[in-house]
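Engineer: sequence isn't available, so here's the structure alone:
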């Protein structure tokens, strides 16, 4: 565990970048430091590998003061990913990734073999190994940055706005990739961003810092959304807090109805038996959804697929959250969401009302859990 | 005797001998200038306040006529090649120091931060990151310094036969053989072009990592 213990950073001109900050950063999880510019998040990150020395307070790594070991030994035991990747433009991709193993004195061949292995892990084509950074796109460079940070297999990864400089589509890809890599490797990651959505998506724990380097709130993302500590945090979280919080509620227990689902070749008898439902979901012969229709508009055996109503975005029960399910329901003019399996075949439908009940159930469960854990909650030493 | 490459005997060298001498008198000072500039530039990068006075000093040195240097240096080194080369080496600083400073400063801050964060010490960072990335700027400086040095060597004739190809200019005057002057000027120009081309080649070999014009991404 990394314990940041009442750390203050004051510059000679009197500016206070970080003000008596205390944080316990859990092992094998992603802790995100988020806040507006000037909140000291990067300064805090750089104090962990001593690129910045605190004016007061100290930082403990697994119970030991980080100043007890030589600074370069400390730094080589922590991967570091920076905005714009900061690659060595004069070295090939492979040699960039092999940097820290080489610093640690590993033989060149071994370091390069390890680098090639990492290229695959971060989703880079090994054909790029002999290229130079200028020949790669921004997203690819950032992947190289992540691979380089992982090369010596450090237990700790420090990431300073690593995905800020790439376009939103590439950023989403990199975020998903990071979550995948983290599920495989289980590193202790400290991640700095100014983007609250990124913080909520990636963080196991999120520390919101305010201008002047003071901690506003330190909590799991779901708790941040449901119970912001003060108006600053609430404001920083922005609009749609309630909707975004639904991302943390599972769809596992949603009760799906299968009766309103009919195949495109359904006979008259089958259609008649479903006439009670306000809408029927028509699927193709493989079971993939085509669209909604009112029952009396359907002709047995010959459905006109052009006249069906759109069904929005389907969700995968158990995998997707209530947010996706609700989104599907409000996107469709019928107010019903379509559930599909991994192959995209319809497995049932669910109405807005049922989703609404599921949301209320989830809320009350969270409230019960919060009450149970209130005593045992980790103490958050704010400001 | 009157061939284009036949030289008066008081020059004491064949044509090719003079070319060799000229290159030595021109290139050794640039090399010395480079070895001198590297630590000076590093000081200027490390301590920013050092740079303006250093820049002023190199400019002043450049403004001192070589004749003035010769007057002082002849007392110590006589009418020798050394006396010619010392001012040339000092002149090269006015180009090389700023070139190296700019080159080293052109390393992107995130590259430096990454190097620091990965545990590079200051010395390793200088030799493995800053200096290699500064190579294009350093060679750009070397190209100017080299060509200028090749042309400046000629003034060595002022202290008696130490100007290599420049001595031919003097002989052209006293023997009324303008063709010697033409030869000297053309040869010096060709040497400058060849030295410049050689440095461009060196840069291409040292920097496979630089974007090439028209190269596909």
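Structural biologist: That came in fine, so what should we check first? Values in this document were obtained by computation on a predicted structure and should not be read as measured data. Residues are numbered from 1 along each chain as shown, chains lettered A, B, ... in the order given.
Engineer: hey, let's count contacts and neighbours off CA atoms from now on
Structural biologist: Noted.
Engineer: residue contacts, residue B:135?
Structural biologist: Applying C-alpha atoms under 8 Å, 6 or more residues apart in numbering or on different chains to residue B:135 gives the contacts B:103, B:203, B:206-207.
Engineer: and these, which are buried?
Structural biologist: Those of the contacts of residue B:135 that meet the buried threshold are B:103, B:203, B:207, by 16 or more other C-alpha atoms under 10 Å in any protein chain shown.
Engineer: what residues does the stretch 1-150 of chain A have near chain B?
Structural biologist: By C-alpha under 8 Å from any C-alpha of the partner chain, the residues of the stretch 1-150 of chain A that approach chain B are A:49, A:51, A:71-76, A:78-92, A:100, A:103, A:132-136.
Engineer: whichever of these end up buried, select them in ChimeraX.
Structural biologist: Per 16+ other C-alpha under 10 Å, the buried members of the residues of the stretch 1-150 of chain A next to chain B correspond to this ChimeraX selection:
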select /A:49,51,71,72,74,75,76,78,79,80,81,82,83,84,85,86,87,88,89,90,91,92,100,103,132,133,134,135
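Engineer: take the residues of the stretch 1-150 of chain A next to chain B and keep only those in strands.
Structural biologist: A:78-82 (DSSP state E).
Engineer: where are the low-confidence patches of chain A?
Structural biologist: Where chain A drops to pLDDT under 70, the residues are A:374-383.
Engineer: try 80
Structural biologist: A:275-276, A:299-305, A:370, A:373-383 (pLDDT under 80).
Engineer: longest helix of chain A?
Structural biologist: Identified as the longest helix of chain A according to DSSP state H is helix A:352-373.
Engineer: what's the answer for chain B, then?
Structural biologist: With secondary structure taken from DSSP H, chain B has its longest helix at helix B:15-46.
Engineer: who are the packing partners of it?
Structural biologist: helix B:51-63, helix B:81-105, helix B:131-152 (3 or more C-alpha pairs under 8 Å, 6 or more residues apart in numbering or on different chains; DSSP states H and E).
Engineer: now do that helix: distance to the chain's middle.
Structural biologist: Helix B:15-46 sits 5 Å away from the centroid of its parent chain (C-alpha atoms, centre = their mean, to the nearest Å).
Engineer: what comes up buried for it?
Structural biologist: Neighbour-count burial for helix B:15-46 [16+ other C-alpha under 10 Å]: B:15, B:18-19, B:21-34, B:36-38, B:40-45.
Engineer: next one: stretch A:234-243
Structural biologist: A:234, A:236-237, A:241.
Engineer: just the residues you listed now: which is nearest residue B:190?
Structural biologist: Looking at the buried residues of stretch A:234-243 and their distance to residue B:190, the nearest is residue A:236, at 67.8 Å (C-alpha to C-alpha).
Engineer: check contacts around that closest one.
Structural biologist: A:35, A:196.
Engineer: kindly report the same for residue A:57.
Structural biologist: Contacts of residue A:57 by C-alpha under 8 Å, 6+ apart are A:5-8, A:20.
Engineer: make it 7 Å
Structural biologist: A:5-8 (C-alpha atoms under 7 Å, 6 or more residues apart in numbering or on different chains).
Engineer: within the helices and strands, which one has it?
Structural biologist: Using DSSP states H and E, residue A:57 maps to strand A:56-61.
Engineer: show the subsequent helix or strand relative to that strand.
Structural biologist: Using DSSP H and E, the next helix or strand after strand A:56-61 towards the C-terminus is strand A:64-65.
Engineer: so what strands line up beside that following strand?
Structural biologist: Its sheet considered, strand A:64-65 pairs with strand A:56-61 (antiparallel) by DSSP bridges.
Engineer: next, the closest residue to residue A:213 other than its chain neighbours: secondary structure please.
Structural biologist: Sequence neighbours aside, residue A:18 is the residue nearest to residue A:213 in space, at 3.9 Å (criterion: C-alpha to C-alpha, 6 or more residues apart in numbering or on different chains). The three-state assignment at residue A:18 reads strand, by DSSP: H, G, I helix; E, B strand; the rest coil.
Engineer: for residue A:18, the count of nearby residues, please.
Structural biologist: 29 (other C-alpha atoms under 10 Å in any protein chain shown).
Engineer: OK, contacts around it?
Structural biologist: For residue A:18, the contacting residues are A:8-9, A:40, A:212-214, by C-alpha under 7 Å, 6+ apart.
Engineer: neighbour count, distance to residue B:159 and secondary structure added to these, as JSON lines?
Structural biologist: Output for the contacts of residue A:18, formatted as JSON lines (neighbours: other C-alpha atoms under 10 Å in any protein chain shown; distance: C-alpha to C-alpha, whole Å; DSSP: H, G, I helix; E, B strand; the rest coil):
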{"residue": "A:8", "neighbour count": "22", "distance to residue B:159": "67", "secondary structure": "strand"}
{"residue": "A:9", "neighbour count": "24", "distance to residue B:159": "64", "secondary structure": "strand"}
{"residue": "A:40", "neighbour count": "26", "distance to residue B:159": "66", "secondary structure": "coil"}
{"residue": "A:212", "neighbour count": "15", "distance to residue B:159": "69", "secondary structure": "coil"}
{"residue": "A:213", "neighbour count": "25", "distance to residue B:159": "69", "secondary structure": "coil"}
{"residue": "A:214", "neighbour count": "22", "distance to residue B:159": "73", "secondary structure": "strand"}
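Engineer: sweet, I'm off.
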